[in-house]
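# Okay, here's the prediction I keep looking at, along with the sequence it came from:
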Amino acid sequence: MLELLVSMTLFSAIAGLLMSSFFSFQSIGTKLESKLSMRQELRNLETLIREDLSSVVYLENYAAKSAEFSRPSGIRGMDSESQGHPQDRLDLQVHSRGRFFTSFKRSVNPELFEVSYYFGQDDQGKTGFFRRESYFIEGPIEAGGEAITHKLSSRLVEMNLTYYDQLGAPQPAWVSAPEAALPTGVDVHLGLVGESGEKFSQDFTVNIHPSMGPGVVWGKP
Amino acid sequence: MKRPGFTLLEVLVSFALLSGLLALLLQSQGEAVFFISRTQQLERVHNEATNRLLSVERTGQIPDPPNGIFGIDHPIPEGKWEIRESSLDFLGFSLTQIICDITYKDRGKEFHYSASILGDLQ
């Protein structure tokens, strides 16, 4: 009887230990996985936005011919908010080979695309963060032509952009015009909320035409 | 006649071994959590330094004031930052170096991080 009791006690102790360690491992593993996946998602979003902002262009001649037509070029950044979260919209023209239009032959690639980042709803009515890419640049900068739109994230809830003008003053919104084509830099804030309510944020700066004093200027300000 | 099964001593030894193994596993898991948290903090510090240096690159000026302390709401709470200019000799040529120093605390211990860029200020 004593042996039975001792063995049962030991068995329950071992079983308890194993169970608790299993659940502890499981919970730590899930938390780590969730953290890593959120950081990875933020990094991917940062890479996309950083690449697009770094290759933004303002087409002077294209925009100059727009006396009778609306031909916006450069950046159109709208400052907006939803449910207490900054949810800006960014539309821009970029000089790149395109990220989604991969079927173009190099010789016929227009190397000029309209790109938009915005919060919207998908077919199921779920809110998400989208990226739109189109090689047809005539007309409004945020619509028109054959476009590929991808939902980049369903966990991103904040995107706040601050644009710096030629005098270095921060602006919450930006619409390119001949007298102020592109901002000198953009501060981007991204905020992600995970399934468990955990928040992650990333802030980064992109200099569009940095100038470093006399004689060292990248691009035309 | 010997009865089949394990003796109490054998069970106790196996129990001790199992506990030791579990302790090792828990420790490695704890270390993984620690390193992930440390990497995350380092990434925040690196981001902060990069962003500050990019601001200097954009404006061409050292910020005024050139140092400060991060607030409680900042990703690096109570950390300190400083941007300074120094001269660097490169093969006989004098280059201007802009350095961003960040001091931050991680689990009560103080760490220093430094990043720099080369270029002339306005």
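Right, received. Where do you want to start?

# Let's see the one helix or strand in chain A whose mean pLDDT sits lowest as CSV, backbone CA atoms only.
One helix or strand of chain A scores below all others by mean pLDDT, DSSP states H and E: helix A:60-64, with a mean of 77. What follows is helix A:60-64, C-alpha atoms only, in CSV (Å, rounded to 0.1, in the frame of the first residue of the first chain):
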residue,chain,number,x,y,z
GLU,A,60,8.2,68.3,-64.2
ASN,A,61,7.3,68.3,-67.9
TYR,A,62,4.4,65.9,-67.4
ALA,A,63,2.9,68.0,-64.6
ALA,A,64,3.7,71.3,-66.5
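
# Distance from the helix or strand that that helix is followed by to the middle of the chain?
Next helix or strand after helix A:60-64 toward the C-terminus (DSSP states H and E): strand A:75-78. Computed by Cα atoms, centre = their mean, to the nearest Å, the separation of strand A:75-78 from the middle of its chain amounts to 14 Å.

# Excluding chain neighbours, what is closest to A:Glu158?
Nearest residue to A:Glu158, sequence neighbours excluded (Cβ to Cβ, 6 or more residues apart in numbering or on different chains): A:Gly191, at 3.0 Å. For glycine as for every other residue, the C-beta is placed from the backbone atoms N, C-alpha and C.

# Please name the bridge partners of that neighbour.
Per DSSP bridges, the residues bridged to A:Gly191 are A:Glu158, A:Ser201.

# And for A:Arg132?
Going by DSSP bridges, A:Arg132 forms beta bridges with A:Ser116, A:Thr149.

# same thing with B:Ser114?
B:Asp101.

# show me what contacts it?
If a contact means Cβ atoms under 8 Å, 6 or more residues apart in numbering or on different chains, then B:Ser114 has B:49, B:99-102 as its contacts.

# Most widely separated two among these?
Taking Cβ to Cβ as the measure, the contacts of B:Ser114 span a maximum distance of 10.5 Å, between B:Ile99 and B:Ile102.

# A:Ser80 versus A:Gly139, what's the distance?
22 Å (Cβ to Cβ, to the nearest Å).

# Equivalent analysis for A:Arg71, please.
24 Å.

# Repeat that for B:Ala32.
To A:Ser80, B:Ala32 is 40 Å away according to Cβ to Cβ.

# In contact with the residue nearest the centre of chain A, which residues?
Nearest residue to the geometric centre of chain A (Cα atoms, centre = their mean): A:Leu45, 4.0 Å. Neighbouring residues of A:Leu45 by Cβ under 8 Å, 6+ apart: A:129, A:152-153, A:156, A:190, A:202.

# For those, could you give me JSON lines that also reports distance to chain B, neighbour count and pLDDT?
Shown next, in JSON lines, are the contacts of A:Leu45 (distance: Cβ to the nearest Cβ, whole Å; neighbours: other Cβ atoms under 10 Å in any protein chain shown; pLDDT from 0 to 100):
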{"residue": "A:Phe129", "distance to chain B": "20", "neighbour count": "22", "pLDDT": "95"}
{"residue": "A:Leu152", "distance to chain B": "20", "neighbour count": "16", "pLDDT": "94"}
{"residue": "A:Ser153", "distance to chain B": "19", "neighbour count": "20", "pLDDT": "93"}
{"residue": "A:Leu156", "distance to chain B": "17", "neighbour count": "22", "pLDDT": "94"}
{"residue": "A:Leu190", "distance to chain B": "12", "neighbour count": "22", "pLDDT": "95"}
{"residue": "A:Gln202", "distance to chain B": "7", "neighbour count": "21", "pLDDT": "91"}
